[in-house]
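Enquirer: Pasting the sequence and the predicted coordinates here, then a few questions.
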Amino acid sequence: RQVQTRDRYRHRQSPPHGNSESRPAEPVLFTFESTDPQLGISPPRPYSRPTNSDLVIHDLYLGRWLLPEPRAQWNTIRQRMPALGGANEGKHRLMHRQSNSGWKWATGTAAIVALVFIVGVAMNFRSHRAHAPAPSKLAVPVTAARALRHDVPIYLSGLGTVTADNSVTITPQVGGQIVSEPFRQGEMVQAGQLLVQINPAPYQAALDQAIGRQKQDRATLAGAEQDLARYATLVRENYASQQKYSDQKALVAEDAATVEADAAAVEAARINLGFTRIVAPISGRVGLRLIDVGNVVSAGTTSAICTIMQIDPITVVFTLPQQKLEDVLAAMTKGNKPVVILDGTGQTALAKGRLLTIDNEVDTATGTFRLKAIIPNDANRLWPGQFVRARLLVDTLKGVTTVPENALQRGPDGYYVYRVLRHGKNRTVERVAITVRARSNGAAVVSRELEPGDEVVTGGASRLANGSVVTVIRLAS
């Protein structure tokens, strides 16, 4: 290993060549070989290239500068270097002592040459740029559409739910065992059609019993009336007292009341017997069977046997924000307002109907009000509970100018569009501020800053500025 030390002295002790002036010393490089273990140089660590005031080790094998640790070892080496010799001469050998002034001169010369070369190249490049032709403006590809003038319907859209116009839950009114359910689940039923048959035997027996009691009481009444007639004759001939006649008359009235009660009992028994036959109260579609044949039901239970819903016509309940309430009320004064029902995505029209009514209050929790529309549903495209979108026509703007909604750009001062201008074969754009009056079905009703037939940019506007050159790659109608 070769140990190299380099040090800079501020002033030499004795000026060389008889020069009495003190001057800073140039860096001196000492190359020193040593195999003396007394130096105790620990393994060096990697270090960047040193400055003139650093004490370093240059590893001839690794080809890099290293800084010993600890640094105090260099003080030990410097103190012992003058004493190296004599018995230790074979162990330590001072190789040479040289100045790096020549190296500094070569480095400076190389730097000057490199600087002259760089300056020359830069001036040559600048000269070529000065004489090069200026680049032309590149046309920005855009898509465009023409402004149109036509009548625009104004719709209000809201989320809604399909509801049955009439819905019935079938529950038993008398108790007993279900003996038959002569309907198919999901079929259309007509009003009066038999749905469920409960065992009628107990109720038929009760009816017969009531009828028998009624006949008995009628016979009793007839006998009492005959006795009253005899007592009336005897009283006229003074063969019976008036008291007897009055008692018999009261008995006749009592028997007559009993007969009337019997008649009511017979009617009640007949009604209960009729309740064993459960029929459809309305025409509609019957749902799934919820209680099967053989089960025993009781009167007053809340468990439904099935349900029936009227689905033609059907209704749709939807909501609108309360800010649109005045528009809806004004539209209702002008007659029936059509309603278009779309699917949940708002893309496919399912049916058309008319507005039936609006609710009598605004929901304070949501700030919306409910509306109900009646819809013919002969094609069965609407189903109770279905999620839909409703579009209510509230007005129609006559002869207005429209542009596609994707042509609108929003700036700090409001909406604007880029209008395409033709200059021979070239096209440029100008920025036109507009006022949007309404939006409907993908079109925006704009103010009169645009005329029908004007071309406006619908795609690629993010790369444009006022006066940009464009190429229209597609013109939509």
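Expert: Nice, I can see it. Since the model is a prediction, treat every value here as computed from it, not as a measurement.
Enquirer: strands paired with the host helix or strand of residue 168, and their directions?
Expert: Assigned by DSSP states H and E, residue 168 belongs to strand 148-170. Strand pairing for strand 148-170, determined by DSSP bridges: strand 306-321 (antiparallel), strand 387-404 (antiparallel).
Enquirer: Just the mean pLDDT for it, thanks.
Expert: Strand 148-170 carries an average pLDDT of 92.
Enquirer: swap in stretch 346-364?
Expert: For stretch 346-364, the mean confidence score works out to 92.
Enquirer: Kindly report the same for stretch 455-469.
Expert: 90.
Enquirer: and residue 235, how far is that from residue 255?
Expert: Residue 235 is 20 Å from residue 255, where distance means CB to CB, to the nearest Å. Placement of C-beta: from N, CA and C, glycine included.
Enquirer: just the helices in this protein please.
Expert: For the chain, the helices defined by DSSP state H cover 72-80, 101-131, 201-236, 242-275, 325-332.
Enquirer: What is the burial count for residue 151?
Expert: 10 (other CB atoms under 10 Å).
Enquirer: tell me the contacts of it?
Expert: 396, 397, 398, 399, 400 (CB atoms under 8 Å, 6 or more residues apart in numbering).
Enquirer: got a list of what the third one touches?
Expert: Residue 398 sits next to residue 151 when contact means CB under 8 Å, 6+ apart.
Enquirer: let's have the chain start at 380 instead
Expert: All set: I'll call the first residue 380, so the last point we hit is now residue 777.
Enquirer: Residues in contact with stretch 819-835: which ones?
Expert: 523-528, 531-534, 776, 779-784, 786-787, 796-799, 811-818, 851, 854.
Enquirer: just stretch 724-734 next, same as before
Expert: Residues outside stretch 724-734 that contact it (CB under 8 Å, 6+ apart): 536, 692, 695, 711, 715-722, 750-756, 758, 760-761, 767-768, 771.
Enquirer: how does it look with 7 Å?
Expert: Stretch 724-734 has contacts (CB atoms under 7 Å, 6 or more residues apart in numbering) with 711, 715-722, 750, 752-756, 760-761, 767-768, 771.
Enquirer: Mind pulling up the pLDDT for the spatially closest residue to residue 759 that is not a sequence neighbour?
Expert: Nearest residue to residue 759 in three dimensions, chain neighbours excluded: residue 690, at 6.8 Å (CB to CB, 6 or more residues apart in numbering). On the pLDDT scale, residue 690 is placed at 91.
Enquirer: do the one 4 residues further on as well
Expert: With respect to pLDDT, residue 694 scores 95.
Enquirer: number of nearby residues for it?
Expert: 22.
Enquirer: Next, work out how far apart it and residue 569 are.
Expert: To residue 569, residue 694 is 21 Å away according to CB to CB.
Enquirer: follow-up on the earlier one: which of the strands paired with strand 527-549 sits closest to residue 706?
Expert: With CB to CB as the measure, strand 766-783 is the member of the strands paired with strand 527-549 nearest residue 706 (5.1 Å).
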